[in-house]
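Participant: coords please:
(2 chains)
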Amino acid sequence: MSAEDSGDKKYDDLMRAYRKLEDRFSKVLTISDSYQAQLRDVLMRMDLMAHTDSLTGISNRRDMMDRLEIELARAERYGSSFSIASFDIDDFKRVNDLYGHDVGDIVLKQVAGAFTENIRRSDSCARWGGEEFLVLFPETVLAEAALGAEKCRAAVAALSFESGDDRFDVTVSGGLCSYRLSGELGELLKAADEALYRAKNQGKNRIVSIPLPGDLSSGTN
Amino acid sequence: MMDIPATSSTPRVRFIEEKSVLEFVGESYPENSFAFFAPVFEWLNVELPHKEGLRVEVNIAYMNSSSTKCMLDILDALTESAEEGRKISVTWFYEAGNDRALDLAEEFKEDISLPFEIVPRETGKR
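Facilitator: Numbers count the residues shown, from 1 in each chain, chains lettered A, B, ... in the order given. The predicted structure is shown next:
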C-alpha cells in the first residue's frame, strides 16, 4: 500500500467516524425532542385538569377563584362592578336517593351544560361544590346580572330527565350579589350564599338578589 | 450481580441471573447520566463476555438527552457483543396507546441490527 493509499484510507476512516458521530448526534436530538414533546403534552393535560371539573367539563372551584381574584382586581382598579350568582340544585339529594348517583351525575352534567349555553361569552360558570355552581358576570351591575341568572334558572327548569319509566324535572335556586366600590371576595361570596339561602326559604326555583353594604342599587327579590 | 435501585430520576437497573435478563425500569434524568450509567458499561465490559446470551428489557417512560446518548451507546455495545457470537435481544416496552412513545421505540430500534421487539404496556403498569 502506497503512502498515498494509506492517507486516503485514514481520511475515509475519519470521514466514516465523523458521519457516524453526526448521525448519532442527530438521533439523540430527534429522540430528545420527542420526549420533550411528550412532556409538553402531559403538562397541557395537567394544566387543563387543574382548572376543569372532571365530571362536567366546566371550570372548577380553583379556576373560578382565579377568575374572581382577577375580576376583583379589575373592579378595584377601574372602579367598575361585577356580579356573581351562587346556584344550587334544589333537592338534589332526592334525585340521588330516588334514581342513583349515575342519574345524579347526568343531572349535574346537563345543568352545567344549561348554564354554559345560557351565559354570555364574557361570563363564566364553574362547578363550585357538589351540586353548587357559581356564575361570574364581569363588568355587570346587579339588575343586568339578574336577567342572566334568571335565564340560567329558566334553562334548567326547562330540562327534562328520564330514569327507567320515570320522568322528572330539576330546578335551581340562585343567590345574586354585586361588587361595588369596595369589599373582599369572602364577603361577596358570603352575600351570594345568604341570597341563595333566602331563595331556598322562599320556595326554591328562583333567584334572590341582595345588595352589599355600600351598594347603591336596590335589591330585587 | 448488579441491582441499582430506582430513584425518582433514575431507573432500576438489574441483572436477573436465572433469566439472563438485564432490565431497566423507571425514568431516567439523572444530573450526571454518564456517571449513572458507568456501572452498566462496566458490567457490559466485564460480565457480558462470560455470558452466552442476554435479553435486555427496557421499560423507561422518559429519558433526558444524555440518558438517550447512554442508551444508544449501550445498544451499540450489545450489538458488538452479538457480533462476537452471543445471542442478544432487546424488548422495548412503551405505554399502550401512546403513539409518540411507539415512534420513540422505533427510533431506538432503527439503526440496531439486534432482534428488537416493541411491546405495549398497559397504562399504570410497569
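
Participant: Tell me who's in contact with the single nearest residue of chain B relative to chain A.
Facilitator: Using C-beta to the nearest C-beta, the single residue of chain B nearest to chain A is B:S65, 4.0 Å away. Where you see a C-beta, it was placed from the backbone N, CA and C, and this is true even at glycine. Counting by C-beta atoms under 8 Å, 6 or more residues apart in numbering or on different chains, B:S65 makes contact with A:V28, A:L29, A:I31, A:S32.

Participant: Those residues: which two are farthest apart?
Facilitator: Across these, the longest distance by C-beta to C-beta is 7.4 Å; it joins A:L29 and A:I31.

Participant: who's more crowded, those two?
Facilitator: A:I31 (21 against 12; other C-beta atoms under 10 Å in any protein chain shown).

Participant: For the more buried one, which three-state class applies?
Facilitator: helix (DSSP: H, G, I helix; E, B strand; the rest coil).

Participant: and the residue in chain A that chain B sits nearest to, how many neighbours?
Facilitator: Closest to chain B within chain A is A:S32: 4.0 Å, counting by C-beta to the nearest C-beta. Using other C-beta under 10 Å, the number of residues around A:S32 comes to 17.

Participant: That one and B:N64 touch, don't they?
Facilitator: Yes: with contacts counted by C-beta atoms under 8 Å, A:S32 reaches B:N64, the gap being 7.2 Å.

Participant: which residues of chain B fall in strands?
Facilitator: All strands of chain B, identified by DSSP state E, fall at B:3-4, B:12-16, B:21-28, B:53-63, B:87-95, B:116-121.

Participant: Which strand or helix spans the closest residue to A:L196 other than its chain neighbours?
Facilitator: Leaving aside its sequence neighbours, A:L196 sits nearest to A:G175 (C-beta to C-beta, 6 or more residues apart in numbering or on different chains; 3.0 Å). With secondary structure defined by DSSP states H and E, A:G175 is part of strand A:172-179.

Participant: and that strand, what's its mean pLDDT?
Facilitator: The average pLDDT for strand A:172-179 rounds to 95.

Participant: So what are the sheet partners of that strand and their directions?
Facilitator: Using DSSP bridges, the strands paired with strand A:172-179 are strand A:82-89 (antiparallel), strand A:207-209 (parallel).

Participant: Dump those into a markdown table; add mean neighbour count and mean pLDDT as well.
Facilitator: Output for the strands paired with strand A:172-179, formatted as a markdown table (neighbours: other C-beta atoms under 10 Å in any protein chain shown; pLDDT from 0 to 100):
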| stretch | mean neighbour count | mean pLDDT |
| --- | --- | --- |
| strand A:82-89 | 26 | 97 |
| strand A:207-209 | 26 | 96 |
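
Participant: who touches stretch B:46-61?
Facilitator: B:2, B:11, B:15, B:19-28, B:67, B:71, B:74, B:77-78, B:81, B:84, B:86-93, B:95, B:101, B:108, B:121, B:126.

Participant: Apply the buried test to those and list what passes.
Facilitator: B:11, B:15, B:22-28, B:67, B:71, B:74, B:77-78, B:81, B:88, B:90-93, B:95, B:101, B:108, B:121 (16 or more other C-beta atoms under 10 Å in any protein chain shown).

Participant: just these that are near chain A?
Facilitator: B:A101, B:F108 (C-beta under 8 Å from any C-beta of the partner chain).

Participant: give the contact list for B:L104.
Facilitator: A:I31, A:S34, A:Y35, A:Q38, B:Y94.

Participant: Same list, these, but as a markdown table with pLDDT and distance to A:A195 please.
Facilitator: What follows is the contacts of B:L104, written out as a markdown table (pLDDT from 0 to 100; distance: C-beta to C-beta, whole Å):
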| residue | pLDDT | distance to A:A195 |
| --- | --- | --- |
| A:I31 | 94 | 58 |
| A:S34 | 93 | 53 |
| A:Y35 | 93 | 52 |
| A:Q38 | 91 | 47 |
| B:Y94 | 95 | 54 |
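
Participant: Which among these count as buried?
Facilitator: Using 16+ other C-beta under 10 Å, the buried ones in those are A:I31, A:S34, A:Y35, A:Q38, B:Y94.

Participant: Can you tell me which of these comes closest to A:K190?
Facilitator: After measuring the buried ones among the contacts of B:L104 against A:K190 - C-beta to C-beta - the closest member comes out as A:Q38, at 44.6 Å.

Participant: pretty sure that closest one contacts B:Y62?
Facilitator: Yes: the pair A:Q38 / B:Y62 is scored as a contact, 7.3 Å apart, by C-beta under 8 Å.

Participant: Please name the nearest non-neighbouring residue to the residue most central in space within chain A.
Facilitator: The centre of chain A sits closest to A:S59, judged by C-alpha atoms, centre = their mean, with a distance of 1.0 Å. Once flanking residues are discounted, A:S59 sits nearest to A:A126: 3.8 Å by C-beta to C-beta, 6+ apart.

Participant: In contact with the residue of chain A closest to chain B, which residues are there?
Facilitator: A:S32 neighbours (C-beta under 8 Å, 6+ apart): B:N64, B:S65, B:T68.

Participant: cool, B:T10 as well?
Facilitator: Counting by C-beta under 8 Å, 6+ apart, B:T10 touches B:I4, B:G26, B:E27, B:S28, B:Y29, B:P30, B:F36.
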